[in-house]
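# The amino acid sequence is not available; the structure is as follows:
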């Protein structure tokens, strides 16, 4: 664009030259003045036009500040959520979003502890069975409704209702009467209502929630920070049972609200202006894209289209770790990577076959050459990082089995003979993910080389895998588990015979008895011993094959600040900021 100040100066010089270098004529003086005024007017006009055409990209010539760009943190959620209803969700592709749009009675702190959330305070009875929560007066839903104690009572009973078929209903069995209500086959409406009323959660008034437990639970305050314990707006649920399926009808109470949901493509969150702690929220929003392909997501991170990426490809993790790249963060993780056996399907109903497959792989090779994120080989199901009576629970447990190819060959031969089979071939199911694929290929080759077993690999979307596991529609399936709370129980009770998260078809009465003992005793020493004994039974039976204990490697751009990673959560963005 032509600069009119330069034009004016050029004309001014020409006039001087035409007048012999001396401005003595009034007419010449007037011409100069007119040209200068005209140039200033045109400059102002074109400057204004230019600033409007590039609004937000250039400062005005007059020095006025531009409007700040919204602070949107972009990351990859990998898969379409199975459900964003707290009572129906069950996977990390659900929970990562839920943890940002909802808040429970308590919440996780950046340091990994527990602090007041919607509940501003609580009292615990001397026997540890009754909790009385007082809710904040300023807690509101994203639609402006007040969050009430009735919303919590309604939400918990909704998840427990047998008709809801919640996969995580068992997490509420700590409440008195919860298991009886959730597992009933009763069809009589009056009797069903009586069972519901007997559940140990009751709104005493709008801001007081009374909770009665079936037995003392030392980690209950941490449990209520978990998403199955989130509230649900009772009025919204009763008006529209499908409210959680679309952004336009979605109502939540967390730091962010659901602004857009393009199914199987992206989810956009916006800062919730009705959140009681909104002044601490620096981000204007969060955008989750959904890319199953890790390498595509990594390229988006490299080109600046994503600000944080978790997880990242295994080979990339190794490269970044070796070069000490400052954008790589390797956090602790309370989780275990394992393969499920379908214990209802021949020959995986045979413990010798299950043990043979578990003993025939080399976990050290897998973690050092395939996973490459600082993971530790797993010879049990409970990971490190959980306090025992003294020391660390997993360290006290030690290795509950060992790898031994020769022993594995013997066990496989015996097991197949007992099942009247000559050879073994099956399909290994895993969800689409570069690391899962590489691990599956490595284990496939180890089984072929060490045992002569032929394995077909099948990859599907994460939600498809979960649905098939629920139906026991698989041979062997890749799985992982992040602790819902910091206690061995979160890795053990999901394998109780009644647990809807078991997904193996395995059941053991002695295991169930020990888990029940650990849940009902007041003596922590007795409790921990019961869980150690239960884990030994579990590994001796080998209904699943532990592979390694996770770490949490992710990358974030230098301008991303304030992200925190509780040991049993994905990276959290509540107090994150973007400082470019």
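Sure thing, it's come through. Not measured: the values here are computed from a predicted model.

# can you give me the strands in the stretch 301-450 of the chain?
For the stretch 301-450 of the chain, strands defined by DSSP state E, counting those that start in this stretch occupy the ranges 308-309, 328-331, 335-341, 376-377, 425-431.

# Repeat that for the stretch 101-250 of the chain.
Under DSSP E, counting those that start in this stretch, the stretch 101-250 of the chain gives strands at 106-108, 114-116, 119-124, 130-135, 201-205, 208-212.

# Now render these as a markdown table, adding mean neighbour count.
The C-beta positions use only the backbone N, C-alpha and C, and glycine is treated the same way. Listed next are those as a markdown table, based on neighbours: other Cβ atoms under 10 Å:
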| stretch | mean neighbour count |
| --- | --- |
| strand 106-108 | 23 |
| strand 114-116 | 15 |
| strand 119-124 | 16 |
| strand 130-135 | 20 |
| strand 201-205 | 16 |
| strand 208-212 | 20 |
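
# Go through those and name the closest to residue 347.
strand 106-108 (43.0 Å; Cβ to Cβ).

# just checking, what packs against the closest one?
On a contact count with 3 or more Cβ pairs under 8 Å, 6 or more residues apart in numbering; DSSP states H and E, strand 106-108 meets strand 114-116.

# in its sheet, what does the strand it packs on sit against?
strand 106-108 (antiparallel) (DSSP bridges).

# how close does residue 160 sit to residue 580?
Here residue 160 is placed at a distance of 46 Å from residue 580 (Cβ to Cβ, to the nearest Å).

# So the two - more neighbours on which side?
Taking neighbours as other Cβ atoms under 10 Å, residue 160 and residue 580 compare with residue 160 leading, 28 against 8.

# Hmm, the more buried one is touching residue 174, no?
No. Here residue 160 lies out of contact with residue 174, judged by Cβ atoms under 8 Å, at a distance of 11.5 Å.

# Quickly list what residue 428 is bridged to.
With DSSP bridges as the rule, residue 428 is bridged to residue 457, residue 476.

# Quick check: it vs residue 203, distance?
From residue 428 over to residue 203 (counting by Cβ to Cβ), the distance is 48 Å.

# likewise residue 186?
24 Å.

# And residue 227, by the same measure?
For residue 227, the distance to residue 203 - Cβ to Cβ - is 20 Å.

# cool, residue 81 as well?
29 Å.

# so residue 362 touches residue 446, yeah?
Yes. Applying Cβ under 8 Å, one finds residue 362 in contact with residue 446, separated by 6.3 Å.

# These two - which one has more neighbours?
Using other Cβ under 10 Å, the more surrounded residue of residue 362 and residue 446 is residue 446, with 20 against 16.

# could you check the distance from the more buried one over to residue 344?
Taking Cβ to Cβ, one finds residue 446 at 25 Å from residue 344.

# all helices of the stretch 301-450 of the chain, in order?
Assigned by DSSP state H, counting those that start in this stretch, the stretch 301-450 of the chain shows helices spanning 314-322, 351-359, 363-365, 393-397, 405-418, 434-451.

# Adding distance to residue 490 and mean pLDDT, write those out as JSON lines.
Output for those, formatted as JSON lines (distance: least, Cβ to Cβ, whole Å; pLDDT from 0 to 100):
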{"stretch": "helix 314-322", "distance to residue 490": "26", "mean pLDDT": "91"}
{"stretch": "helix 351-359", "distance to residue 490": "22", "mean pLDDT": "98"}
{"stretch": "helix 363-365", "distance to residue 490": "22", "mean pLDDT": "98"}
{"stretch": "helix 393-397", "distance to residue 490": "12", "mean pLDDT": "97"}
{"stretch": "helix 405-418", "distance to residue 490": "30", "mean pLDDT": "98"}
{"stretch": "helix 434-451", "distance to residue 490": "22", "mean pLDDT": "96"}
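
# would residue 455 count as being in a helix?
No. Looking at residue 455 with DSSP: H, G, I helix; E, B strand; the rest coil, it is strand, so not inside a helix.

# number of nearby residues for it?
If you count neighbours by other Cβ under 10 Å, residue 455 ends up with 21.

# Name the nearest residue to it, ignoring sequence neighbours.
residue 444 (4.6 Å; Cβ to Cβ, 6 or more residues apart in numbering).

# Same check on residue 180?
residue 195 (6.0 Å).

# likewise residue 173?
residue 179 (4.4 Å).

# just for the protein, where's the confidence low?
1-67 (pLDDT under 70).

# Helix, strand or coil: sort out the spatially most central residue of the chain for me.
Centroid-nearest residue in the chain: residue 96, 3.0 Å away (criterion: Cα atoms, centre = their mean). Three-state call for residue 96 (three-state DSSP): helix.

# what sits against it?
Contacts for residue 96 were tallied using Cβ atoms under 8 Å, 6 or more residues apart in numbering; they are 77, 288, 570.

# how close does it get to residue 237?
For residue 96 relative to residue 237 (Cβ to Cβ), the value is 23 Å.

# I'd assumed residue 73 was in a strand, is it?
Yes. Remark: residue 73 belongs to a strand, assigned using three-state DSSP.

# for it, what are its contacts?
Residue 73 sits next to 283, 285, 286, 287, 307, 308, 560, 573, 576, 578 when contact means Cβ under 8 Å, 6+ apart.

# now it, which residues is it bridged with?
According to DSSP bridges, beta-bridge pairing links residue 73 with residue 286.

# returning to that earlier point: and the residue nearest to residue 173, what does it touch?
170, 173, 214, 498.

# Please, a PyMOL command that selects the buried ones among those residues?
Applying 16 or more other Cβ atoms under 10 Å to the contacts of residue 179 leaves a buried subset, and the PyMOL line that selects it is:
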select buried, resi 170+173+214
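
# Take the contacts of residue 179 and write them to a markdown table, including distance to residue 338.
Output for those, formatted as a markdown table (distance: Cβ to Cβ, whole Å):
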| residue | distance to residue 338 |
| --- | --- |
| 170 | 19 |
| 173 | 23 |
| 214 | 29 |
| 498 | 21 |
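
# The nearest residue to residue 148 once chain neighbours are set aside: neighbour count?
Nearest non-adjacent residue to residue 148, counting by Cβ to Cβ, 6+ apart: residue 206, 4.6 Å away. Residues near residue 206, counting by other Cβ under 10 Å, number 14.
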